[in-house]
Structure formats: C-alpha cells, structure tokens
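**Q** Quick one: sequence and predicted model below, then my questions.
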Amino acid sequence: MSVAAIEKDCTSKMDKAVEFLKQELRGIRTGRAHPGLVEHIKVTVASYGSTMELRELATISVPEPSTLLVKPFDPGTLKDIEKGLQTSSLGITPQSDGKAIRLPVPALSGERRQQLVGQVKKMAEAQKVAVRNARRDANKAIDAAEKAKTVSEDDAKEAKDRIQKVTDRHEKDIDAILATKTKEIEEV
C-alpha cells in the first residue's frame, strides 16, 4: 500500500470518528427542544410489521422553544409513535390530541446537567481514542512498508509527521465540538 493511500485511509477513519461524535451528541438533551432529540428513536409499527425511525413516520417541528410537535404522516401510526416515545430513554411524557403529539421538554436540573456533561466528555474521549487508533494503524502500515523497502526512511518519517498533524487537527475538532456541547448543556 502506498504512503498516500495509507494517509487517505487514516484521514477517512478520523473523519468518521468526528462525524460519529456529532451524530451521537444530537441525541443529548440540553433543555432546548430540537428535532434531533427524537428523530432517531425507533418505533415499532404493528400495521407495517417493522421498526422504523421516528423521522420516517412523522414530521418533527419546534413550535415553541421548549416543545416538540410530532405529526404522523399516517394517522394510524399515532398510537405506535406515542408508545415508542414513552418507552424511549428520553424521559419525556408525550401528550397526544388525536392528530399530533406534543413533547414538553422540561428544563434540566443542575445535577442532571453535570451528568450530561460527564456523559458528553466520555463520548468525546471515546472518539479521540478512535482517532489515535487510526494513527497507530497508519504508523504500523508505514513501518511495514519501510521494512519491506517500498518506502524510504525519510518518506516514512515525513508521512508519520503528516499523520500526526492530521491527528492533532481531528483532536482539536473533537475538543471544539465538546466545548460547544458542554456550553449548550450548561446554559440555563
């Protein structure tokens, strides 16, 4: 494998780790209502005979800063959606009016905010580990190429330096995402 291919593969893995973190953090409740809180909740729809994500079954809007409004595309799925929301780990009781479901997002307590900050930090650290693992794998591949004499010693050193810079950039991105989410959670 060429050095360029190794670097490209490494960067791709690191990009995926950062993107995964962004997706995971969308589901963390901050006290403000936003569709990302519920759109990935799995709902078992008996009439369809399958499990689907909420965003595939309904439109999710934010009519007020602390309320989510879920309007099913098919009115027959309202009860299934309501049941799916109740059994989710969200901790919000849905209020149905027969046509739509309202989800009042309560303000977070100080203790709960600290728990969420801790949870977010763990998620960020897990993705930093994934980034470092991608760096380690790339460095091993470069060492193997150098040992096989397909890459010169100087080229291998330069490639490792470039990979370290990419690693540092991705870790900074993760830190920035973490800082933004932490600030969002701590905001009252």
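**A** Ah, there it is.

**Q** contacting residues for Ile142?
**A** Taking Cβ atoms under 8 Å, 6 or more residues apart in numbering, we find Ile142 in contact with 3, 6, 151, 156, 159-160, 163. From N, CA and C alone the C-beta is placed, and that goes for glycine too.

**Q** 6 Å instead?
**A** 6, 156, 159 (Cβ atoms under 6 Å, 6 or more residues apart in numbering).

**Q** What average pLDDT does the top helix by length along the chain get?
**A** The single longest helix within the chain, with elements called by DSSP state H, is helix 110-147. Across helix 110-147, the average pLDDT comes to 91.

**Q** Next secondary structure element downstream of it?
**A** helix 153-186 (DSSP states H and E).

**Q** What are the buried residues along that following helix?
**A** Neighbour counts over helix 153-186 (16 or more other Cβ atoms under 10 Å) mark 156, 159-160, 163, 166-167, 170-171, 173-174, 177-178, 181-182, 185 as buried.

**Q** Could you chop this structure up by domain?
**A** Following automatic domain parsing, the chain resolves into domains at 3-26+109-186, 35-104.

**Q** Could you tell me the least trusted of these?
**A** Mean pLDDT values for those show the minimum at domain 35-104, a mean of 84.

**Q** can you give me the end-to-end distance of that domain?
**A** With Cα to Cα, to the nearest Å as the measure, domain 35-104 spans 12 Å from end to end.

**Q** just stretch 61-77 next, same as before
**A** Start-to-end, stretch 61-77 (Cα to Cα) is 18 Å.

**Q** Could you do stretch 26-43 as well?
**A** Terminal-residue distance, stretch 26-43 (Cα to Cα): 18 Å.

**Q** Contacts for it next, please.
**A** Stretch 26-43 is contacted from outside by 51-55, 57, 60, 62, 66-68, 80-81, 84, 88, 105, 107-108, 184-185, using Cβ under 6 Å, 6+ apart.

**Q** Centre of this structure to the edge, which residue is at the far end?
**A** For the chain, the residue at maximal distance from the C-alpha centroid (Cα atoms, centre = their mean) is Lys149, at 40.7 Å.
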